[in-house]
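>>> Quick one, what's the 3D model for this:
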Amino acid sequence: MSSNRFPLASPLNRRGFLALGAGAAAAATLAACTKNTAAAPSLVQPDSEAVRAAEAARRTAGTTVRDVALRAEPTTVDLGGVQVPTWAFGGAVPGPEIRVAKGEVVRANVINALPAPTTVHWHGIALRNDMDGVPDVTQASIAAGGSFGYEFTAPDSGTYFLHPHVGVQLDRGLYAPLIVEDPADGRDYDTEAVVVLDDWLDGVNGRDPDKELQALRDKGMAGMAMGGMPGMNHGGMTMGSGGMSTPADPNAPLGSDAGDVTYPYFLINGRLGSDPTVVTARPGQRIRLRIINAAADTAFRVAVGGHQLRVTHTDGFPVQPITTSSLLISMGERYDAIVELADGVFPLVAAAEGKTGRGFALIRTGGGTPPPADVQPAELAVAPLTADRLTAAEPVRLQAKQPDRTLDVTLGSDMKKYVWTINGKAYPDHAALNVSQGQRIRLRFRNQTMMYHPMHLHGHTFQLVNRAGSGPRKDTSIVLPMQTVEVDLDADNPGQWMLHCHNAYHGEAGMMSILSYVR
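Down below sits the predicted model:
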């Protein structure tokens, strides 16, 4: 068994040979992508002095360390009357929740008992680059039978999660919540519950994510129009001036093609609606729902029957609260919402947007007969809240300034194959998006396909550019078919950072690139 464990030296110097080798490999890969230029840029490496300095700035005197053990292993899980073989952390789906305080150091020892290499990506955390869990960019994969020690400061409170960044392993059971608490939290709610949404196929009738990806590649994109999927119905889309497209029906917010994969099950906290998770509280309590979409190919419309949602955060960062009947949450996104609970038993429904099926759970505050799993809350019939309607809370808004650099991120596809691209290239072939420390960067996502893409940036949060100039702070944003979305970020966390579609199949089929800091 190989091992990379924590020595007794300073945590900033405990990396050892494994990630240093990965950093060298990343440098070679990224330099190769710039070989058509006069001179390749000097890249800030994943374990450089600049990376260590950024991490040191996040740490304060007396910082406490939270030790975590994670074991990725094959297992059989009960989804609620359905037994399936899968891969999971600690034998459970979701994996064990990790809860730390803002500013604490997370020290996680990951044991890989899987029959394949893996990593852990700490989704949404602005952490040091060499702890980001991306194979051949920030680290070498953890070999089967091996282990790896991650260590980083959790600088921002909020709702996050963890998952692998190898192939389509996310579409197994390898995910778990990561909650970073703020001592100031709790003033506007009385209790809370973590709600993890997922689409599920692994272990059902011989299916697994690798076979699913291969089937998509074998099918290709023959017969597609403008980058959409085979057989898709374009009737829900209308063409506007300049070839731009918008959903014709406000109740179809993603357009007419909401995914590539047909799933037999949709889960809330690892359970089917036939044997649902039950959240218990008392009448009159205000419950904070921390909603995480850990799915691979499915967005959800979320509602609580008979109640309104007061949305307070997205992707960990506070927004000006807004009340809604339902909200739309795509893969990789997180939303926090406060619900003032009535007396009784109420459905918590996550309807698979644009698909057939739903996740279902119960919130119980008193007696009564539970509603059936196929109940249709009136709240689901209302067009859901989307991120473009949110405004960042004033304390987390970026300082108003013009961008130093605007980078186009054009999302495309190969019409003959199941290949998804950024700026015309399918990863690992890519042209790095080069930035420099201290710059204000504007990313312009231009979606030239007929599918939506939840675009996720590692190691940073950005701010959506809207008319008011103060859109929400996020790390994952939906880019609708044939639409353009602009986001601003401060280049304040040096290293090599993945930028990719959080549809696991789109990302693995090429829709990934690297935001690269240069000296």
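>>> any idea how far residue 277 is from the closest residue to residue 169 other than its chain neighbours?
Here the nearest residue to residue 169 in space, its sequence neighbours aside, is residue 118; by C-beta to C-beta, 6 or more residues apart in numbering that works out to 6.2 Å. Heads up, the C-betas are built off the backbone N, CA and C, glycines and all. With the distance defined as C-beta to C-beta, to the nearest Å, residue 118 ends up 27 Å from residue 277.
>>> Neighbour count for those two, which is higher?
residue 118 (25 against 21; other C-beta atoms under 10 Å).
>>> quick one: contacts for that one?
72, 112, 141, 142, 164, 166, 169, 174 (C-beta atoms under 8 Å, 6 or more residues apart in numbering).
>>> can you redo those residues as CSV with pLDDT?
Below are the contacts of residue 118 laid out as CSV (pLDDT from 0 to 100):
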residue, pLDDT
72, 98
112, 98
141, 98
142, 98
164, 98
166, 98
169, 98
174, 98
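>>> among the residues you listed, which are in strands?
72, 112 (DSSP state E).
>>> In this structure residue 46 contacts residue 135, no?
No: at 11.8 Å, residue 46 does not count as touching residue 135 under the criterion of C-beta atoms under 8 Å.
>>> So the two - more neighbours on which side?
residue 46 (28 against 19).
>>> spatially speaking, which residue is in the middle of the chain?
In the chain, the residue lying closest to the centroid (C-alpha atoms, centre = their mean) is residue 332, at 2.2 Å.
>>> can you tell me the helix or strand for that residue?
Counting by DSSP states H and E, no helix or strand carries residue 332.
>>> before we move on, back to that, bridged to the residue nearest to residue 169, which residues?
residue 142 (DSSP bridges).
>>> mind listing what the residue lying closest to residue 324 once chain neighbours are set aside touches?
Ranked by C-beta to C-beta, 6+ apart and with sequence neighbours excluded, the top spatial neighbour of residue 324 is residue 385, at 3.9 Å. Going by C-beta under 8 Å, 6+ apart, residue 385 touches 309, 311, 322, 324, 326, 327, 328.
>>> One more: residue 509?
213, 216, 217, 418, 419, 420, 426.
>>> what's the answer for residue 152, then?
Contacts of residue 152 (C-beta under 8 Å, 6+ apart): 55, 105, 106, 122, 125, 127, 128, 131.
>>> Apply 6 Å and report the result again.
The contact partners of residue 152, by C-beta atoms under 6 Å, 6 or more residues apart in numbering, come to 106, 127, 128, 131.
>>> closest to residue 489 among the contacts of residue 509?
If you rank the contacts of residue 509 by distance to residue 489 using C-beta to C-beta, residue 420 comes first, at 22.7 Å.
>>> and the next element down the chain from the helix or strand hosting that closest one?
Residue 420 is part of strand 419-422 when elements are defined by DSSP H and E. Counting by DSSP H and E, the element after strand 419-422 in chain order, helix or strand, is strand 433-436.
>>> Of all the residues in that next one, which ones are buried?
Buried residues in strand 433-436, counted by 16 or more other C-beta atoms under 10 Å: 433, 434, 435.
>>> ok, now which ones touch the residue nearest to the centre of the chain?
454, 456, 476, 502.
>>> Not counting sequence-adjacent ones, nearest residue to it?
Using C-beta to C-beta, 6+ apart, the closest residue to residue 332 is residue 502 (3.5 Å).
>>> how many neighbours does the one you found have?
Residue 502, neighbours per other C-beta under 10 Å, totals 26.
>>> residue ranges for the helices of this structure, please.
Along the chain, the segments classed as helices by DSSP state H run 17-33, 49-58, 209-219, 504-508.
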